[in-house]
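K.L.:
let me see the structure of the following:
(chains A, B, C and D)
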There are 2 protein chains.
Amino acid sequence: MVKISDVAAEARVSVATVSRALNGNPRVSAELRRRVAEAAERLGYRPNGIARSLRRQSTDVIALIISDVSNPFFTAITRGVEDVARQNGLSVLLCNADEDPVKEATYLGVVEQQKVAGVILSPHSAATDVGRLHDTGIPLVAIDRHLSADVDTVMVRSRDGARDATNHLIDAGWHRPACITGPEDAETAQERLAGYLEAVRAHGNLAEIFVHASFRQEGGVRGAAQLLDARNAPDALFVANSQQALGVIEEVRRRGRRIGVDLGIITFDDAPWAPFVDPPMSVIAQPAYDIGAQAATLLVERIRTGMQGMTRHSMLSTTLIVRESSRLSSP
Amino acid sequence: MVKISDVAAEARVSVATVSRALNGNPRVSAELRRRVAEAAERLGYRPNGIARSLRRQSTDVIALIISDVSNPFFTAITRGVEDVARQNGLSVLLCNADEDPVKEATYLGVVEQQKVAGVILSPHSAATDVGRLHDTGIPLVAIDRHLSADVDTVMVRSRDGARDATNHLIDAGWHRPACITGPEDAETAQERLAGYLEAVRAHGNLAEIFVHASFRQEGGVRGAAQLLDARNAPDALFVANSQQALGVIEEVRRRGRRIGVDLGIITFDDAPWAPFVDPPMSVIAQPAYDIGAQAATLLVERIRTGMQGMTRHSMLSTTLIVRESSRLSSP
DNA sequence: CTGAAAGCGCTAACAG
DNA sequence: CTGTTAGCGCTTTCAG
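P.N.:
Numbering: from 1, shown residues only, chains lettered A, B, ... in the order given. Next comes the predicted model:
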């Protein structure tokens, strides 16, 4: 490995000069700057990021810990984060907590040990312990879900979206809307259920029908099966995320029910496939890219300013996109 | 920040003892081991991963550089990599090269500087320069696409899969199968086109119709538009990846063509939505999870053995899954 | 079995 | 403007 002292020897200057020249310090003569650059080039020198980090007590990588890599919602967020990170010369270390509190804790530990410059986290639950990070002084911004700790957050009005979805189902003429939401300990699951409940209660004479299930596709099949097996089965479903929705479709088809005729469906998240399934899926779209971009922007500010200022909370809105799956049409 | 010397003071031992105790070195008395553990606990000590890496000249993180985070094929690979990495005490740094040679080079530089223990890369093209990594002695395994450099690889028989897809289209009764493949410089795009061409030529009397497009959804839109606008338009499409397939569906619908009646379609990659679009999509499925798992296994071996032994090449097979989109049925 | 001390490669005072 | 030097926090000889 060629190190800075090798370059110094080759360029016949001190290591300090090499460091300065390579880091664009203005008070180094053009002549030496050139000699250093040439020597470094000739030797194929690459600075050792580890050593630099140790000395500087900081890294130029941020961590993004998301709940599920296979969920398009989170990959869209990832793109938002990446774009603004790159604009600011930061790399992003993506971690997949997989809706698993243990993995989440592991990754939190890893990024703390690696002394990343900051972290963006979609916490599994508000109880996620980020005290360690806080003690270490590593800036954190929470996305998608709240944290009991007082940190910057960028969220979407999940509850409002859920209410909109449910109201839409009711307005479309369905009589027994139900809700398939995520695991009980996930905040987004609670919020979406709460929105559903608000809408249903506001209408007075409607039954409250809901079930908790995993946020994965198989959660959707289980949830749908359970609801559809019940004595007073629902005639419409508000589903909490797009992966579950796929499972719901699967199960509903298996039972030979016709979506949009026998059963109305609307789901959270405008997945890329939503317009193309049969029938096209009505959705509550979340501004995923913007969530990522805003979170990264907030984080970069914290990193640059060294944590000053009070915490900021950003709330983004969802938008209802009506397609066919939620319409009540005669066969 | 509490450092090792603080723990040493608290436990009234030397820093060396703390280091040994915490790293499970057997030649430290049970008594001291306990005292150190307690002191560390009391102080909330977390080892500094950066410092450790600098000293050890190695990290316990590997990098996975993929071509596109939003492609389910790559997220499935990611899961495979993550699972075996975790089993081996490694964290994975996921980087999204985004089918962009510049971003790819940037990330390659970053992971080199960060001195990761190894990297798994799906190279944009065989020409991707990994010489730097090689010089640094960082193990590398290529996935999904070849590299001109001689490294471990795990690939799938793309060409065979493409041939199977095309033959299936022909066997189903379509007369003018065409191919929408990826960008000209992407190897997977070339291979899938080659497989298509082989099948078509083997049948003698068939036209060779194809177009290159981006691997994204809008690539599918453009490709389909271009092909369908041509004078002698195809009556069936073999599409090179699932994101393009979504675009193809979009464009085909816009034109009012009926898939499975007017037009046959089959695509690479069994995306989660494939069974649920209208009509259900026939696909060539790739063992994505296994690709990731095998690649990680290979990488871990290299890391452990310090690069010894000759390079290994693994070839996985695809499987044809026939659903409705490729069937020729009367309206 | 334990401690003292030498660096890993780099940056940032501090001198000159 | 350039060079010398002291560490960043940790692991690992080398002594004891």
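
K.L.:
where in chain A is pLDDT low?
P.N.:
A:307, A:330-331 (pLDDT under 70).

K.L.:
OK, contacts around the most centrally placed residue in chain A?
P.N.:
Relative to the mean C-alpha position of chain A, the nearest C-alpha, by CA atoms, centre = their mean, is the one of residue A:74, at 4.2 Å. For residue A:74, the contact set (CB atoms under 8 Å, 6 or more residues apart in numbering or on different chains) comprises A:66, A:67, A:68, A:122, A:288. Using the backbone N, CA and C atoms, a C-beta is placed for each residue, glycine as well.

K.L.:
against residue A:250, how distant is it?
P.N.:
22 Å (CB to CB, to the nearest Å).

K.L.:
can I get the helix or strand where residue A:244 lies as PDB, trimmed to CA atoms?
P.N.:
Residue A:244 belongs to helix A:242-254 when assigned by DSSP states H and E. Extracted C-alpha coordinates of helix A:242-254, given in PDB (Å, rounded to 0.1, in the frame of the first residue of the first chain):
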ATOM      1  CA  SER A 242     -48.400  -2.300  -1.300                       C
ATOM      2  CA  GLN A 243     -46.700  -5.500  -0.500                       C
ATOM      3  CA  GLN A 244     -49.700  -6.600   1.600                       C
ATOM      4  CA  ALA A 245     -51.900  -5.600  -1.300                       C
ATOM      5  CA  LEU A 246     -50.300  -8.100  -3.600                       C
ATOM      6  CA  GLY A 247     -51.000 -10.800  -1.000                       C
ATOM      7  CA  VAL A 248     -54.600  -9.600  -0.700                       C
ATOM      8  CA  ILE A 249     -55.100  -9.800  -4.500                       C
ATOM      9  CA  GLU A 250     -53.600 -13.300  -4.400                       C
ATOM     10  CA  GLU A 251     -56.000 -14.500  -1.700                       C
ATOM     11  CA  VAL A 252     -59.000 -12.800  -3.100                       C
ATOM     12  CA  ARG A 253     -58.400 -14.400  -6.400                       C
ATOM     13  CA  ARG A 254     -57.900 -17.800  -4.900                       C
END
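
K.L.:
number of residues surrounding the closest residue to chain B within the stretch 151-300 of chain A?
P.N.:
The nearest approach of the stretch 151-300 of chain A to chain B comes at residue A:278, 3.2 Å away (CB to the nearest CB). Counted by other CB atoms under 10 Å in any protein chain shown, the residues lying close to residue A:278 total 17.

K.L.:
how near is the residue nearest to it when sequence neighbours are not counted to residue B:175?
P.N.:
Nearest residue to residue A:278, sequence neighbours excluded (CB to CB, 6 or more residues apart in numbering or on different chains): residue B:278, at 3.2 Å. Residue B:278 is 24 Å from residue B:175, where distance means CB to CB.

K.L.:
same question, residue A:322
P.N.:
39 Å.

K.L.:
and residue A:24, by the same measure?
P.N.:
63 Å.

K.L.:
so between these two, which is more surrounded?
P.N.:
residue B:175 (14 against 8).

K.L.:
and that one, what does it touch?
P.N.:
Residue B:175 neighbours (CB under 8 Å, 6+ apart): B:206, B:235, B:236.

K.L.:
and stretch A:270-290, end to end?
P.N.:
The straight-line separation of the ends of stretch A:270-290 (CA to CA, to the nearest Å) is 14 Å.

K.L.:
also stretch A:88-97?
P.N.:
End-to-end distance (CA to CA), stretch A:88-97: 25 Å.

K.L.:
and that stretch with chain B, contact?
P.N.:
Yes. Residues of stretch A:88-97 contacting chain B under CB under 8 Å from any CB of the partner chain: A:91, A:92, A:93, A:94, A:95, A:96.

K.L.:
for residue A:64, give its distance to residue A:80.
P.N.:
Distance from residue A:64 to residue A:80, by CB to CB: 10 Å.

K.L.:
joint contacts of these two?
P.N.:
residue A:292.

K.L.:
which of these two has more residues huddled nearby?
P.N.:
Between residue A:64 and residue A:80, counted using other CB under 10 Å, residue A:64 has the larger neighbour count: 29 against 23.

K.L.:
and the next element down the chain from the helix or strand that the more buried one is a member of?
P.N.:
Per DSSP H and E: residue A:64 is located in strand A:61-66. Following strand A:61-66 in sequence order, the next helix or strand is helix A:72-87 (DSSP H and E).

K.L.:
now do that next one against helix B:72-87, angle only.
P.N.:
80 degrees (axes from the mean of the first three to the mean of the last three CA atoms, to 10 degrees).
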